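*Asks:* coords please:
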Amino acid sequence: MGGLALRILYCADAGACEAMRTIATAAGDGLDLVTASECGAPVEIIRRDGARDLPIEAVIINQAWLATCAPDVISRVITADATLAVIVEADTHDDMAAHIVPDRIVAVPKEDHARALQLAAVLAEKCRAARSYIKMQRELKSSQRAAQLVSTEYQRQSRERERLFETALHNMSQGLCMFDADANLVLCNDRYMEMYGLSREIVEPGANLRTILLHRKQLGNFSGDPDIYIKELRAALAKDDGHTQFVQSGDGRTISIVNGTMANGGWVATHEDITERTRAEEQIRHMARHDSLTGLPNRAAFQDEMQQGLKRVRRGQMMGVMCLDLDHFKNVNDTLGHLVGDKLLCAAATRLKDVIRETDVIARLGGDEFAVLQPDLDKPENAAAFAQRIINAVNQPYEIDGHQVVVSTSIGIAIAPADGSSAEQLLRNADMALYRAKWDGRSTFRYFEPEMDEALQARRMLEIDLRNAVIHNEFQVYYQPQVDATTEQVTGCEALLRWNSPTRGMVSPAQFIPLAEEIGLIVQIGDWVLKTACCEAATWPNQARIAVNLSPAQFKSRSVVQSVINALAVSGLDPTRLELEITESVLLHDNEATIATLHQLRSFGIKISMDDFGTGYSSLSYLRSFPFDKIKIDRSFIKEISDKGDCAAIVKAVAGLGKGLGIATTAEGVETAEQLRQVRSEGCTEVQGYFFSAPQPAEALRAFFAQKKSQTQAA
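*Replies:* Residues are numbered from 1 along each chain as shown. Model prediction:
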């Protein structure tokens, strides 16, 4: 016997057990004898050792011991384990015959322990073999059950994979189709059929690609030749495992087709409708190089065009570059609002496109600034003629949202190669020429000249000095008397801003006030003028009023009412002696809010005057929307009142209008006795101008008042 020792249970009294142990020891290591003398021990040992994986493999029972126990011990032993065989050591042959059960119970003489032990070893080996077989059978059945479960699960998973594949295939956003090496359809999804309007009968497995393409051609969504298409596709796939193509379908769509080869010579293709994506990409590319408001090329696109033009310039050609903007465009935004301003820009862009040649390029650089490129310019003079055509076109009135808007344009011209060899230099020089055109009165054009750079530097220095003037209090308020047209008594004075620069001397208001408005200093300066003028007027005779100009920027700041209240509080001036002068441009911006502000100011007793009357577009309508206390007739009409009948007629009409509405009228710019006579005769109630007094500082004005007082007392 080899391997593990055979475990044999011997049930007998103690003496017999000891004798059997001796024999078993003599037999060698092949036997592992377990003895039991208690009646209930055999079944307990069999079950216990079986659970400990040390099973009993044969049982020997001494008949004498059996006689002392219950008669069912043997049956309980063989029932406890179906593979066990029992050997009974019987007293006689008859006793042995009584216990024999074929294959399970064997009887031997009780005196022959060695024989019993030998027989038990044989039966134990048989038991071990039977148990191994049973175990193998059990494991085999378990394996078969597991294999059956695996097979069932595999089939379930296969069906699930097929279901998921079908779901994924038919819910793809791309159309998918697979063809074999002969270009016959293997499969396709629903999206493929939907994209091309194909029925299932047309795309049954086995359908040839040529047949499908011919059908698509009939439907109008394939515009090519099927044979050429298939030939070119096969050639492309032969060169590369993957092939991508973008196809314009016959119905106007853009389709991206990605083909991938398979090992069997066939291929799989995905079809994606990228029409919207292509349009979006084109839109993005367009937006990157075009102005979103006007649709014109933007600065980046214009500079690229200039670079191309400069290549031709280097080959000996000339090129013109123009910078232009809309004169006083800011006033349109301030008075009519940004929506009207945007519509004006679009209308101006349309006129510019109508004027240029096909070879010219026009762009919007930003704000109200445009640029024009004239490639292949024959001679510099041609740029001037073209600029004048632009001015003529842009300067025509515009009808926008019920408003008639009139703007002009100024143009700066630079010629390559004379005025620059780079895009940046040409644009800079054209911009300086534009600035010069504005300086010279606007609505005109100027060629670039080298000395213009000096003018630009001068403007920058003026801005620096103006900012320093605010910091160092270099401004003064001058006062020009306003006189009753009949009695020639002083009724008040207009406050006029002056700048006495320590380096420049007296700087003209026409030079620095527009710049102050442009760079945002006018609100701060205007508040200072208001407060200073009110404080000075508080020292004048009680009947003298002070007139102060308010700019549109002060109204836009929304703090004008508080500024006026502060000035009156600081000065102690009676509000009825304060007169605020506004121009039409104040009313054009946010009209309802501005009118409300004017009513609020007037409720304090403050007088409101319309300045520069007759120079705007809607003055008469504003006289209806607000009860002005005074109309000031612009000096341009007074200047030529003696020479031009139309000026006299306008003055007479305005004076008559004021009289009819109960509004005082002031004629500005009266410089001669003849002008005074005429404005009196036309009905003006008040005059202002150098004929009576030039604007003068506060000290001189006090002397003026004293002189007038003496003259009155002497009279």
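*Asks:* Show me which helix runs longest in the chain.
*Replies:* helix 113-170 (DSSP state H).
*Asks:* ok now that one, how far from the chain's centre?
*Replies:* The chain centre lies 66 Å from the centre of helix 113-170; the measure is CA atoms, centre = their mean, to the nearest Å.
*Asks:* by contact count, what packs against that helix?
*Replies:* strand 6-11, helix 14-27, strand 31-36, strand 58-62, strand 86-90, strand 105-109 (3 or more CB pairs under 8 Å, 6 or more residues apart in numbering; DSSP states H and E). Every C-beta, even on glycine, is put in place using the N, C-alpha and C of the backbone.
*Asks:* What is the burial count for the spatially closest residue to Lys659 that is not a sequence neighbour?
*Replies:* Leaving out its chain neighbours, the residue that sits closest to Lys659 by CB to CB, 6 or more residues apart in numbering is Gly683, at 6.0 Å. For Gly683, the neighbour count with other CB atoms under 10 Å is 18.
*Asks:* Hmm, Gly683 is touching Lys652, no?
*Replies:* Yes: between Gly683 and Lys652 there is a contact under CB atoms under 8 Å: 6.8 Å.
*Asks:* before we move on, the earlier item: avg pLDDT for the longest helix of the chain?
*Replies:* For helix 113-170, mean pLDDT rounds to 84.
*Asks:* after that helix comes which helix or strand?
*Replies:* Going down the chain from helix 113-170, the next helix or strand is strand 175-179, by DSSP states H and E.
*Asks:* Next, the angle helix 113-170 makes with that following strand.
*Replies:* Put simply, strand 175-179 runs at 120 degrees to helix 113-170, going by axes from the mean of the first three to the mean of the last three CA atoms, to 10 degrees.
*Asks:* and whichever helix or strand comes after strand 175-179, which residues are buried?
*Replies:* Per DSSP H and E, the first helix or strand lying C-terminal to strand 175-179 is strand 185-188. Within strand 185-188, the residues that qualify as buried are Leu185, Val186, Cys188, counting by 16 or more other CB atoms under 10 Å.
*Asks:* Which residue lies nearest the spatial centre of this protein?
*Replies:* Centroid-nearest residue in the chain: Ile284, 12.2 Å away (criterion: CA atoms, centre = their mean).
*Asks:* what secondary structure does it sit in?
*Replies:* Under DSSP: H, G, I helix; E, B strand; the rest coil, the three-state class of Ile284 is helix.
*Asks:* swap in Ile411?
*Replies:* What three-state DSSP gives for Ile411 is strand.
*Asks:* Also Arg498?
*Replies:* strand.
*Asks:* Assess the claim that it and Glu474 are in contact.
*Replies:* No: contact criterion CB under 8 Å: Arg498 and Glu474 do not qualify, at 9.6 Å.
*Asks:* How about the contacts made by Asp49?
*Replies:* The contact partners of Asp49, taken as CB atoms under 8 Å, 6 or more residues apart in numbering, are Arg7, Val34, Pro55, Ile56.
*Asks:* and if we set it to 10 Å?
*Replies:* Listed by CB atoms under 10 Å, 6 or more residues apart in numbering, the contact set of Asp49 reads Arg7, Leu9, Val34, Pro55, Ile56, Glu57.
*Asks:* Who wins on neighbours among those residues?
*Replies:* Glu57 (28 neighbours).
*Asks:* Quick check: phi and psi at that residue.
*Replies:* Here is the backbone geometry of Glu57 (degrees, to the nearest 10): phi -110, psi -10.
*Asks:* Apart from its chain neighbours, what residue comes closest to it?
*Replies:* Glu57's closest residue in space is Ala124 (CB to CB, 6+ apart), at 3.7 Å.
*Asks:* try Asp112
*Replies:* Closest to Asp112 by CB to CB, 6+ apart is Glu89, at 7.9 Å.
*Asks:* tell me the pLDDT at that neighbour?
*Replies:* 86.
*Asks:* how many other residues sit next to it?
*Replies:* Neighbour tally, Glu89, other CB under 10 Å: 28.
*Asks:* Check whether it really touches Ala67, as I assumed.
*Replies:* No: if you go by CB atoms under 10 Å, Glu89 and Ala67 don't touch, sitting 11.6 Å apart.
*Asks:* Which residues does stretch 571-578 contact?
*Replies:* The contact list for stretch 571-578 (CB under 10 Å, 6+ apart) reads 492, 530-540, 542-548, 564-565, 567-568, 601-607.
*Asks:* Buried subset of those as a ChimeraX selection?
*Replies:* Of those, the buried ones can be selected in ChimeraX as follows, counting by 16+ other CB under 10 Å:
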select :492,530,531,532,533,534,535,536,537,540,544,545,546,547,548,564,567,568,601,602,606,607
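*Asks:* one step back: how about the helices and strands packed on helix 113-170 in TSV, adding distance to Arg635?
*Replies:* Below are these laid out as TSV (distance: least, CB to CB, whole Å):
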stretch	distance to Arg635
strand 6-11	136
helix 14-27	146
strand 31-36	138
strand 58-62	142
strand 86-90	145
strand 105-109	147
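*Asks:* His403: which of those is closest?
*Replies:* Nearest to His403 among the helices and strands packed on helix 113-170 is strand 6-11; the distance by CB to CB comes to 117.3 Å.
*Asks:* The closest one pairs with which strands, and in what direction?
*Replies:* strand 31-36 (parallel), strand 58-62 (parallel) (DSSP bridges).
*Asks:* By mean pLDDT, flag the weakest helix or strand of this structure.
*Replies:* Ranking every helix and strand in the chain by mean pLDDT, DSSP states H and E puts helix 93-99 at the bottom, with a mean of 56.
*Asks:* Go ahead and confirm Gly242 touches Ile257.
*Replies:* No: in this structure, Gly242 is not within contact of Ile257 by CB under 10 Å, at 11.3 Å.
*Asks:* Between those two, tell me which one has more neighbours.
*Replies:* Taking other CB under 10 Å, Gly242 and Ile257 do not tie; Ile257 has more neighbours (17 against 11).
*Asks:* excluding its backbone neighbours, what's nearest Gln303?
*Replies:* Gln303 sits nearest to Ala423 (CB to CB, 6+ apart), 4.9 Å away.
*Asks:* Now do the same contact list for that neighbour.
*Replies:* With contact taken as CB under 10 Å, 6+ apart, Ala423 is in contact with Phe302, Gln303, Asp304, Glu305, Met306, Gln307, Gly309, Leu310, Val321, Leu373, Ala416.
*Asks:* try it again with 8 Å
*Replies:* Gln303, Met306, Gln307, Leu310.
*Asks:* Filter the residues you listed down to just the buried residues.
*Replies:* Neighbour-count burial (16+ other CB under 10 Å) applied to the contacts of Ala423 gives Gln303, Met306, Leu310.
*Asks:* immediately after the helix or strand hosting Ala387, which helix or strand?
*Replies:* In this structure, Ala387 is located in helix 380-394 according to DSSP H and E. For helix 380-394, the following helix or strand on the C-terminal side (DSSP H and E) is strand 398-400.
*Asks:* what sits up against that next one?
*Replies:* Residues contacting strand 398-400 (CB under 8 Å, 6+ apart): Leu336, Val340, Lys343, Leu344, Ala347, Ala348, Gln404, Val405, Val406, Val407.
*Asks:* now with 6 Å?
*Replies:* For strand 398-400, the surrounding residues in contact (CB atoms under 6 Å, 6 or more residues apart in numbering) are Val340, Lys343, Leu344, Ala347, Val405.
*Asks:* avg pLDDT for it?
*Replies:* For strand 398-400, mean pLDDT is 94.
*Asks:* Report the distance from the following helix or strand past it to the chain centre.
*Replies:* Sequence-wise, the next helix or strand downstream of strand 398-400 (DSSP H and E) is strand 403-405. Averaged C-alpha coordinates place strand 403-405 at 35 Å from its chain's average position (CA atoms, centre = their mean).
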